[in-house]
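**Q** Take this sequence and fold it.
(one chain, ligands or ions: 1)
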Amino acid sequence: MKLPPHLTIQNGRLHINGKDCIALAEKYGTPLYVTSEDRVAEQFEKYQKALGTRYPKVRVLFAAKANGNLALMRVLAQKGAGADVFSGGELQLALEAGMDPEKLLFNGSSKTPADLQLAVEKGIRVSLDSLDELHQLDATARAAGTVSEVAFRVNPALTVPTHPKIATGLATSKFGIPHGQIPAAYREALACKNIRPVGIHCHIGSQILDIEPFARAAEVMVRIAKELTEMGVNLKFIDLGGGLGIPYHHDTDPAPAAEDYAAKVVPIFKAGVEACGITPELWVEPGRFLVADSTVLLTRVNSTKSAHKRFANVDAGFNLLIRPAMYNSYHEVIAANKADAPLTKEYTVTGPICETGDIFAENRPLPELAAGDIIAVLDTGAYGYAMSSQYNGRPRCPEVLLKGTEAGLMRRGETLSDLTAAMEHPAWQK
Ligand code: LLP
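**A** Numbering: from 1, shown residues only. Now for the predicted structure:
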């Protein structure tokens, strides 16, 4: 199986950043998320460079929803990343990670009054999803005696080749303002005293391995930019969103590089803004591309079973990685302590959750497994821990960060008392 450079097999064992996964599993216990910060930094640099060498004013905003760990976000902040934040909580994380408020965009299709208040207080630009939200933000900014800088999220009505649950720019999707209604929305924004429209935003979906849809979105966006510029909107940025996919099937998926993306999209962007006579910043919001392959989830085999097929029952389930159950997502699995043993058997790797759908990998060729073996689930740095839960009364596992071969906790494992920490007994039970 093809592996990214930070994953290697040495003496039959999977290593990450040159560090033995089995030693990590022994030291920190399983399940365990292990992340290479060097890989995250490298992916960020690729993205920044691919765009930055083609257009002078580029801003890469990390989609914080993909992985909200503070230590990891700090790595990105130190590289100069901003963030796409989708809640007050993500905004708080980005600020705590040391990101510059100037480099944040507060996105969301259903913001609370408290979200809008927070954005106004901290002076964070907002991507608006409706005219209702526009007027609420205008009132919030007026009450605070300030002017809020905004973009509208454009729904470009594009079909994209990805799982339907993560296509976000379909004409039928819940996100954004239909592109035909965009000029009217900006006209209305221009009439609001405490709103200054300064950008446009879109995001067409996630895990997209074909570059063409990004080109189509860029075309829609520069066409809108022209209309808005003629209307008198002074565009400071055009945000093309995130969505570039990664090859979860290591040997067969296409693996578009940041270079491929930039080579296709930037010329359209440049020609478009030149035609408008403006030089706005080009913003992008990658999540998965920056962090997904940085991380392995290490999980121990509790037992094996031969029934209608062979099962390996492991100690992590969809409580820790819900993508396979939720989107039928594919993740490569490797027997980390038998990494160069012949793949003589076929296993379905299942978690401990009381649901039939709690399956990480179906009918995969693996070496003969036994209780105590360690399975590494690859490419789990995006939407892995971030979507975890305590379902079935399972405390979440720790997360370890690697810088070179130095390892440190970036989140402790939860304990049984964390399960009840936020619970209360109502008065009648006391
Ligand atoms: N910007 C906006 C406004 C978004 O909604 C998203 C993702 C991104 C950027 C980042 O997209 P990325 O570069 O990571 O593809 N839980 C799903 C993915 C949901 C993505 C939602 N929005 C999964 O596990 O595949």
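**Q** What does the residue lying closest to residue 37 once chain neighbours are set aside show for phi and psi?
**A** When the adjacent residues along the chain are set aside, residue 37 lies closest to residue 75, with 4.7 Å between them (Cβ to Cβ, 6 or more residues apart in numbering). (C-beta placed from N, C-alpha, C; glycine too.) With angles defined as degrees, to the nearest 10, residue 75 sits at phi -60, psi -40.
**Q** Look up how far residue 35 lies from residue 75.
**A** Here residue 75 is placed at a distance of 9 Å from residue 35 (Cβ to Cβ, to the nearest Å).
**Q** which of these two has more neighbours?
**A** residue 35 (28 against 25; other Cβ atoms under 10 Å).
**Q** Partner strands of the helix or strand where the more buried one lies, with direction?
**A** Applying DSSP states H and E as the criterion places residue 35 in strand 32-36. Strand 32-36 pairs in its sheet with strand 295-306 (antiparallel), strand 399-403 (parallel), by DSSP bridges.
**Q** immediately after the last one, which helix or strand?
**A** Spelled out, it's strand 399-403. Per DSSP H and E, the first helix or strand lying C-terminal to strand 399-403 is strand 406-411.
**Q** Need the three-state assignment for residue 238.
**A** strand (DSSP: H, G, I helix; E, B strand; the rest coil).
**Q** need the contact list for it.
**A** 199, 200, 221, 222, 225, 269, 273, 280, 281, 282, 283 (Cβ atoms under 8 Å, 6 or more residues apart in numbering).
**Q** In a strand, the third one, correct?
**A** No. Under the criterion used here (three-state DSSP), residue 221 is helix, not part of a strand.
**Q** Spit out the contact partners of it.
**A** 154, 156, 200, 202, 238, 240, 269, 272.
**Q** With the second one instead?
**A** Taking Cβ under 8 Å, 6+ apart, we find residue 200 in contact with 151, 152, 154, 182, 221, 224, 225, 228, 235, 237, 238, 239.
**Q** how about the residues of the stretch 151-300 of the chain that lie near the ligand?
**A** Residues of the stretch 151-300 of the chain lying close to the ligand by Cβ under 6 Å from any ligand atom are 166, 168, 203, 206-207, 241-243, 285-289.
**Q** Among these, which one sits closest to residue 213?
**A** The nearest member of these to residue 213, counting by Cβ to Cβ, is residue 243 at 8.2 Å.
**Q** Excluding residues flanking it in the chain, which one is nearest that closest one?
**A** Of all residues not flanking residue 243 in the chain, residue 208 sits nearest, at 4.8 Å (Cβ to Cβ, 6+ apart).
**Q** Could you pull up the contacting residues of the one you found?
**A** Counting by Cβ under 8 Å, 6+ apart, residue 208 has contacts 160, 161, 162, 214, 243, 244, 245.
**Q** Report pLDDT for the residue of the stretch 251-400 of the chain found nearest the ligand.
**A** Residue of the stretch 251-400 of the chain nearest the ligand, by Cβ to the nearest ligand atom: residue 287 (2.7 Å). Note on residue 287: pLDDT of 98.
**Q** try residue 166
**A** Residue 166 is assigned 81 on the pLDDT scale.
**Q** Could you do residue 180 as well?
**A** Looking at residue 180, its pLDDT stands at 88.
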